[in-house]
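Engineer: Please work out how this folds:
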Amino acid sequence: MRDSQFTFSDLVAGYVTAHDRERSLIDLRTSDGRELRVTLTETTSAEFLRNLGDPYLDASAHVNDLVEPGRYLYAYGISYPGGDRVFVAKRLLFLGRGVGDYHFEQPGWWSQQLRELARFYRRAQFGSKTPVDYADYRTVLRLGGDKADHHVQETDTISRLVYGMASAYMLTGDEDFLGVAERGTEYLRDHVRFVDRDEDVVYWYHGIDIRGGSESKLFTSEFGDDYDAIPMYEQIYALVGPTQTYRVTGDPRISDDIEGTLRLFRKFFHDPERGGYFSHIDPILLNPDHESLGVNRSRKNWNSVGDHAPAYLFNLFLATGDKRHADMLEETFDLIVEHFPEEGSPFVQERFHADWSPDRTWRWQQDAAVVGHNLKIAWNLMRMNAIRPKASYVELAEKLGRTMPDVGSDQWRGGWYDVVERTLREGSDSHRFVWHDRKAWWQQEQAILAYLVLAGNTGDADFTRHAREAASFYNAFFLDHDEGGVYFNVLADGTPYLLGNERLKGSHSMSMYHASELCFLATVYGRLLLHSEPLTLWFRPRPDGFSDRVLRVAPDALPPGRVRLDWVEVDDRPYEDFDPVAMTVNLPDATGDVVVRAHLSPVED
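Structural biologist: Reported below is the predicted structural model:
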């Protein structure tokens, strides 16, 4: 590229190593150590990173004072041809006011972002109507939140919205968000839940089609990869919102639905001989080996085996402390440690036959790696290690954490890629992209959470650096300051990609879940594990909530002994009946809902 004879626009992310004010030059070092000289001009603009809901803050007049050695920044500009290419910056983005200062590490950053996300989706789906009416809900939302002429309500996207609203309540105490979550949970129970009393299981429909005031239930999946089958991941994500709502309210009806769905998993998806869960069952016989399933016949994958954990199972264990759920988590991660790594490859294997032999022929994936799944596994292994510690969990998590940046991240511009070839081509020193070099919002989430939890557990400086770089790119380029919400995809240089389904703010693939999960857990990990800051959470248990009348307020599976419950308020009054170490509250007898504020603090060494 040094000898190419054309100009192109590009982004570079790097640490300032030198600044020549007189010549208007900045020397940058990228994350992987490459050097670049950047030229500034009289038309170079500059700004500070801002959160959703914040105004633009210009920094153009202060560039000379802000460009200091050690500062991490973004420079967007034009690369001109020649033997020594000249990069002329047209825009600088500063992540904070000083060296080592990152605005997203401010105590209220992520909770503010979650509040703004909740407001966006609440307004887009229901307007100002109170109480909200889920008959108005639509899966497909355009860029600005307008509803498309698409009448399907998918179960999973409703559930993901419910998760986001329940999480927003836990961080902000805003009763309106909890009202949206509870109404959504009721709607799921009333419209897309099927209770099979003969088999004693609960099944969730793919969704419903609402036209002209009538609704038609969609029994099997309408999505291309899973068409006319019952995919495990759709049943998994039907639980994500109700389970998070259950953490807040203890509603026994939600608990019954979860238990019924777990029976469905054990009875029809679980492989009792070789362990794990099949990815699909046929809709007639509920059989994972039926020939009608085609390429999904007798298959297992990351989603069917591992996605239980982040979607609902960790949160269910946090809410109940039930040994059965810890056992299921342990089985899941033991299988991942045993079967997913491949000797000689930096990436995990993601698709399997029934006997756990790798499936390298499945549709679009073939022998490709989804970068975010590798990061997701690293993140969740560390959570599992907090519940039942094993050296194998930490070993694989740290291995993925150390190898992924070189093979899955953009160390020139920042951010994380989507799908790459698992195997290096002959003569190549990098893993090629399967389709494109765009970057998806959910894969940035996995990177941020993986490196936050790795850094919080180990104190490793490289993990902290990767967490900061990932959070920098996400907050710099995924937040939609014009319309609200976050973008689905951006180009390699951070420009929003606004074509086709990736233009949407609501779709089969996108609702409120990943963005809100990021806000919630980045707050938890950042404040409690990394920055020694307290955190207050809100709960509103029902009078019949939690059969043992014990409210468990641990925000996530955290390293034992690192966090304690400092104080509790019930209905705005100090309350003393709690266990600071176990982080549990013995709820008072009440005839109505009570509001519980739980104040958590890191334990100082």
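Engineer: For the strand or helix carrying H19, give me every contacting residue.
Structural biologist: Assigned by DSSP states H and E, H19 belongs to strand 8-20. Residues from elsewhere that reach strand 8-20, judged by CB atoms under 8 Å, 6 or more residues apart in numbering: 25-31, 35-36, 38, 64, 67-79, 87, 412-414, 469, 472-473, 492-494. For the C-beta atoms, the positions are set from N, CA and C on the backbone; glycine is no exception.
Engineer: Stretch 324-336 now?
Structural biologist: 275-276, 305-306, 308-309, 313-314, 316-317, 348, 377, 380-381, 384, 387-388, 393, 396.
Engineer: E502: neighbouring residues, count only.
Structural biologist: Using other CB atoms under 10 Å, E502 has 18 other residues around it.
Engineer: again, but for G213
Structural biologist: G213, neighbours per other CB under 10 Å, totals 6.
Engineer: nearest spatial neighbour of the most centrally placed residue in the chain, skipping sequence neighbours?
Structural biologist: Taking CA atoms, centre = their mean as the criterion, H514 is the residue nearest the geometric centre of the chain, at 3.5 Å. Excluding the flanking residues, the one nearest H514 by CB to CB, 6 or more residues apart in numbering is W442, at 4.2 Å.
Engineer: do S221 as well
Structural biologist: H206 (4.9 Å).
Engineer: Now do the same contact list for the one you found.
Structural biologist: 154-155, 218-223, 234.
Engineer: Would you mark the buried spots in stretch 588-596?
Structural biologist: By neighbour count on 16 or more other CB atoms under 10 Å, the buried set for stretch 588-596 is 593-594, 596.
Engineer: Can you tell me which of the residues you listed end up in strands?
Structural biologist: V596 (DSSP state E).
Engineer: Which one of the buried residues of stretch 588-596 is nearest to N301?
Structural biologist: V596 (38.8 Å; CB to CB).
Engineer: Got phi/psi on the residue nearest to that closest one when sequence neighbours are not counted?
Structural biologist: Of all residues not flanking V596 in the chain, F539 sits nearest, at 4.3 Å (CB to CB, 6+ apart). Main-chain torsions, F539, degrees, to the nearest 10: phi -140, psi 160.
Engineer: Pretty sure F539 sits against A554.
Structural biologist: No. Look at F539 against A554 with CB atoms under 8 Å: they stay out of range, at 11.7 Å.
Engineer: the more surrounded of the two?
Structural biologist: In this view F539 and A554 are compared by other CB under 10 Å, and F539 has more residues nearby, 26 against 20.
Engineer: which residue ranges form the strands in the stretch 351-500 of the chain?
Structural biologist: With DSSP state E, counting those that start in this stretch as the criterion, the stretch 351-500 of the chain has strands at 351-353, 368-370, 419-421, 439-440, 489-490.
Engineer: Can you tell me which of the ones you listed is most buried?
Structural biologist: Mean neighbours per residue, mean count of other CB atoms under 10 Å, is largest over the strands of the stretch 351-500 of the chain for strand 439-440, with a mean of 28.
Engineer: Who are the packing partners of it?
Structural biologist: strand 489-490 (3 or more CB pairs under 8 Å, 6 or more residues apart in numbering; DSSP states H and E).
Engineer: Beta-bridge partners for the residue nearest to S532 when sequence neighbours are not counted, please?
Structural biologist: Once flanking residues are discounted, S532 sits nearest to P602: 5.0 Å by CB to CB, 6+ apart. Legend: beta-bridge partners of P602 under DSSP bridges are V563.
Engineer: before we move on, what about D209?
Structural biologist: V152, S216.
Engineer: residues contacting it?
Structural biologist: Contacts of D209 were listed using CB under 8 Å, 6+ apart, and they are 151-153, 215-216, 218.
Engineer: Equivalent analysis for V563, please.
Structural biologist: 528, 554, 583, 600-603.
Engineer: what's the burial count for the residue nearest to P555 when sequence neighbours are not counted?
Structural biologist: Using CB to CB, 6+ apart and skipping the chain neighbours, the partner closest in space to P555 is V524 (4.5 Å). Residues lying near V524 (other CB under 10 Å) number 25.
Engineer: how close does V524 sit to R468?
Structural biologist: Here the criterion is CB to CB, to the nearest Å. By it, V524 lies 17 Å from R468.
Engineer: Could you give the separation between the terminal residues of stretch 164-181?
Structural biologist: End-to-end span of stretch 164-181 (CA to CA, to the nearest Å): 8 Å.
Engineer: wait, stretch 212-223
Structural biologist: So stretch 212-223: terminal residues 23 Å apart, CA to CA.
Engineer: Contacts for it, please.
Structural biologist: Under CB under 8 Å, 6+ apart, the answer for stretch 212-223 is 152, 191-192, 205-209, 227-231, 234, 283, 508.
Engineer: Show me which of those residues are buried.
Structural biologist: Buried among these (16+ other CB under 10 Å): 152, 191-192, 205-208, 229-231, 234, 283, 508.
Engineer: which two from the residues you listed end up farthest apart in space?
Structural biologist: Maximum distance among the buried ones among the contacts of stretch 212-223 (CB to CB): 21.3 Å, for H191 and A229.
Engineer: my read is P574 is in a strand, agree?
Structural biologist: Yes. Using DSSP: H, G, I helix; E, B strand; the rest coil, the assignment for P574 is a strand.
Engineer: right, and it touches R597 too?
Structural biologist: No. With contacts counted by CB under 8 Å, P574 stays clear of R597, the gap being 10.0 Å.
Engineer: who's more crowded, the two?
Structural biologist: R597 (17 against 8).
Engineer: Nearest residue to that one in space, please, no chain neighbours.
Structural biologist: E569 is the one closest to R597 (CB to CB, 6+ apart), at 4.3 Å.
Engineer: What's the per-residue pLDDT of that neighbour here?
Structural biologist: On pLDDT, E569 comes in at 98.
Engineer: what about the strands in the stretch 101-250 of the chain?
Structural biologist: Under DSSP E, counting those that start in this stretch, the stretch 101-250 of the chain gives strands at 152-154, 193-196, 201-204, 207-211, 214-218, 230-231.
Engineer: Determine which stretch of these is the most buried.
Structural biologist: strand 230-231 (a mean of 25).
Engineer: Who are the packing partners of that strand?
Structural biologist: For strand 230-231, the elements it packs on are strand 280-281, judged by 3+ CB pairs under 8 Å, 6+ apart.
Engineer: Run through the neighbouring helices and strands of the strand it packs on.
Structural biologist: Using 3+ CB pairs under 8 Å, 6+ apart: strand 280-281 touches strand 230-231.
Engineer: If I look at Q443, what pLDDT would I see?
Structural biologist: Value for Q443, per-residue pLDDT: 98.
Engineer: Please shift the residue numbers so they start at 51 in all later answers.
Structural biologist: Okay, residue one is now 51; in that scheme the one you just asked about reads as Q493.
Engineer: Not counting sequence-adjacent ones, nearest residue to it?
Structural biologist: G422 (3.5 Å).
Engineer: Would you confirm that that neighbour contacts I498?
Structural biologist: No. With contacts counted by CB under 8 Å, G422 stays clear of I498, the gap being 11.0 Å.
Engineer: So what's the gap between stretch 240-255 and the chain middle?
Structural biologist: Stretch 240-255 has its C-alpha centroid displaced from the chain centroid by 28 Å (CA atoms, centre = their mean, to the nearest Å).
Engineer: I'd like the mean pLDDT over that stretch, please.
Structural biologist: 97.
Engineer: From start to finish, how long is that stretch in a straight line?
Structural biologist: Note: stretch 240-255 ends 11 Å apart using CA to CA.
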